[in-house]
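# Take this sequence and fold it.
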Amino acid sequence: MSWNDPNASSEAQRYDNPIPSRELILSTISDNSDVTHKALAKIFGIEDPDQFDALGNRLKAMARDGQVNREGRPYRYRPVTQHDIVSGTVSAHPKGFGFVVLDDMPDLFLHEKQMRWVFNGDSVEAIGTSTDNRGRTEGRIVDITSRQQNQFIGTLAKDEEGYCVELGSPNSHQPITLADDHVDALNVKQGDPVKVDIIDWPNQHEFATGKITEVLNDDNDRELIIETTLLNYDIPHEFSEVTLKQANDYKEPTEKDTKGRTDLRGLPLVTIDGEDARDFDDAVFAEKRSGGNYRVLVAIADVSHYVTPNSPLDVEAYERGTSVYFPHRVIPMLPEVLSNGLCSLNPNVDRLCMVADIKVSRAGNVTGYEFYPAVMNSQARLTYNQVNDYFADPKDDSIPKSLTGNKDVKKSIDTLHQLYELLLKKREERHAMEF
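Numbering: from 1, shown residues only. From the prediction side, this is the model:
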């Protein structure tokens, strides 16, 4: 042995034909950056074929474990630096592996061993270690910078090692262990749905440990599924105080708000939505023009007037991305005072909107259009069924008076239907597919 290794004795105890320790290899690579396997063997004076192969296997393991980087062909090894570390979010797969999702480069693939440390949605720092046979860059987690959540819903289970809470996708790879006396004290049964808080996070050798904070009543499966989905997928469903304050500070549109907007409050714009819709974000109007041409207006709520750039509402909306719809429950993207109020084109109240003003020829061709900010006042909240019933029998008593008793609304709805039939005919002529 021709190298001075402070770990030589431990290496000699573990191997019959020892090679330099990882610590010595790392120190040597730091002193001789971008060295090959062959060059390292020469530095250490390794000539024995078995030792040469063992050095290659150790270098491969060090690259896999993120201790060194290897690049090029033949591989050139160098120390891992801060520039090699990337930040991203863990996306877990139900089969146990996962990815570090990155903004500006391909995602890093995480083996099951790496996923032992993390839950779906955790923010991590990681490095790319090697490329697998499918061309994916494999990653190694260097640090967990923040946890997405510390409370989960799962099912109580027990095996030969004791109690645990089994989680559903996307965290099915992470059972949370429980103390036996804690479970016994709660008198909870295997298979019961429970809510659990994390006490200790998982590491390479042990699963997370937790404590049950609530035994859930599974009599209402629908509500339980919703609560489980919200928690396990960490769907934001509570607004911050600062966000609610910004939303609640807005009042009904004033003359100052409408200044510079086209005033459409005299037009019979109406909304047409589903029976159980609570927010009405678009309204329509149509009229016949000279020569048999049409004018169509489509107005949508001007949310941008209230959700200003980089404001608490903007940050919260960006975080949520969309409203989430469950049976009989909606998790809105914006607070209800906006989503069902100022940003909903409710009937008989002034609302700020953006409008597409479209001109259509008698042949059904768009001949012009413009977009502009406006203020409107919806004259009717209609449903699809009500409008269909009106076309089937205009004298049907079940149809609301806001349609049958308003000649301007009736005229607009009739014109919209005429235009629909014209455009439908054009679709059939060009053999468009119907779904």
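
# Could you use CA atoms for every contact and neighbour count after this?
Fine.

# per-residue confidence for residue 191?
We note a pLDDT of 88 for residue 191 in this prediction.

# where along the stretch 1-150 of the chain do the helices fall?
Assigned by DSSP state H, counting those that start in this stretch, the stretch 1-150 of the chain shows helices spanning 8-14, 22-31, 37-44, 49-64, 112-115.

# Could you tell me the least trusted of these?
Taking the mean pLDDT of each of the helices of the stretch 1-150 of the chain, the lowest value is held by helix 8-14, a mean of 72.

# Quick one: residues in contact with that helix.
Contacts made with helix 8-14 from outside it, assessed by CA atoms under 8 Å, 6 or more residues apart in numbering, are listed as 18, 19, 20, 21.

# Indicate which one of the helices of the stretch 1-150 of the chain is closest to residue 182.
Across the helices of the stretch 1-150 of the chain, residue 182 has its closest neighbour in helix 112-115 (27.1 Å, CA to CA).

# what's across from residue 371 in the sheet?
Applying DSSP bridges to residue 371 gives these bridge partners: residue 356.

# how near is it to residue 298?
For residue 371, the distance to residue 298 equals 10 Å [CA to CA, to the nearest Å].

# and what of residue 87?
As it turns out, when the distance is counted by CA to CA, residue 87 lies 43 Å from residue 298.

# Residue 84 too?
With distances defined as CA to CA, the gap from residue 84 to residue 298 amounts to 51 Å.

# just curious, which of the contacts of helix 8-14 is nearest to residue 55?
Nearest to residue 55 among the contacts of helix 8-14: residue 19, at 6.6 Å, using CA to CA.

# tell me the contacts of that closest one?
Residue 19 makes contact with 11, 51, 54, 55 under the criterion CA under 8 Å, 6+ apart.

# Between residue 371 and residue 298, which contacts overlap?
Residues touching both residue 371 and residue 298 (CA under 8 Å, 6+ apart): 355, 356, 357.

# Any chance of JSON lines for the residues you listed, columns pLDDT and distance to residue 142?
Listed next are these as JSON lines, based on pLDDT from 0 to 100; distance: CA to CA, whole Å:
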{"residue": "355", "pLDDT": "98", "distance to residue 142": "51"}
{"residue": "356", "pLDDT": "98", "distance to residue 142": "51"}
{"residue": "357", "pLDDT": "98", "distance to residue 142": "55"}
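
# Quick check: bridge partners of the nearest residue to residue 99 once chain neighbours are set aside?
Once its chain neighbours are removed from consideration, residue 99 has its nearest residue in residue 109; the separation is 4.6 Å (CA to CA, 6 or more residues apart in numbering). In this entry, residue 109 is beta-bridged to residue 99, residue 138, by DSSP bridges.

# Any idea how many residues pack against residue 109?
The burial count assigned to residue 109 is 24, neighbours taken as other CA atoms under 10 Å.

# And for the one 10 residues further on?
By the measure other CA under 10 Å, the count of residues near residue 119 is 25.

# Now do the same contact list for it.
Residue 119 makes contact with 90, 92, 147, 148, 171, 174, according to CA under 8 Å, 6+ apart.

# Can you convert these into a markdown table and add a column each for neighbour count, distance to residue 403 and pLDDT?
Output for those, formatted as a markdown table (neighbours: other CA atoms under 10 Å; distance: CA to CA, whole Å; pLDDT from 0 to 100):
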| residue | neighbour count | distance to residue 403 | pLDDT |
| --- | --- | --- | --- |
| 90 | 27 | 52 | 94 |
| 92 | 24 | 51 | 90 |
| 147 | 15 | 53 | 92 |
| 148 | 16 | 50 | 87 |
| 171 | 24 | 51 | 88 |
| 174 | 23 | 57 | 90 |
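
# Okay, helices next: where are they in the stretch 251-400 of the chain?
For the stretch 251-400 of the chain, the helices defined by DSSP H, counting those that start in this stretch occupy 255-258, 312-320, 336-337, 384-392.

# Who are the packing partners of the shortest one?
Helices and strands touching helix 336-337, by 3 or more CA pairs under 8 Å, 6 or more residues apart in numbering; DSSP states H and E: there are none.

# Which residues does it contact?
With contact meaning CA under 8 Å, 6+ apart, helix 336-337 is reached by 247, 248.

# distance of residue 225 from residue 250?
Per CA to CA, residue 225 is found 35 Å from residue 250.

# again with residue 198
Residue 198 sits at a distance of 39 Å from residue 250 (criterion: CA to CA).

# start to end distance for stretch 102-109?
Counting by CA to CA, you get 11 Å between the two ends of stretch 102-109.

# Go through that stretch and flag the buried ones.
Of the residues in stretch 102-109, those buried under the neighbour-count criterion (16 or more other CA atoms under 10 Å) are 107, 108, 109.

# Was I right to think the last one contacts residue 135?
No: under the criterion of CA atoms under 8 Å, residue 109 lies out of contact with residue 135, with a separation of 10.2 Å.

# before we move on, back to that, now flag whichever of the buried residues of stretch 102-109 is closest to residue 320.
Distances from residue 320 to the buried residues of stretch 102-109, taken by CA to CA, are shortest for residue 107, at 22.0 Å.

# The closest one and residue 343, how far apart?
Note on residue 107: its distance to residue 343, by CA to CA, is 37 Å.

# that older thread, please tabulate the helices of the stretch 1-150 of the chain in a markdown table and include mean neighbour count and distance to residue 203 as additional columns.
Rendered in a markdown table, the data for the helices of the stretch 1-150 of the chain read as follows (neighbours: other CA atoms under 10 Å; distance: least, CA to CA, whole Å):
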| stretch | mean neighbour count | distance to residue 203 |
| --- | --- | --- |
| helix 8-14 | 12 | 26 |
| helix 22-31 | 16 | 22 |
| helix 37-44 | 16 | 32 |
| helix 49-64 | 17 | 18 |
| helix 112-115 | 18 | 10 |
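
# That concludes my questions; thank you for your assistance.
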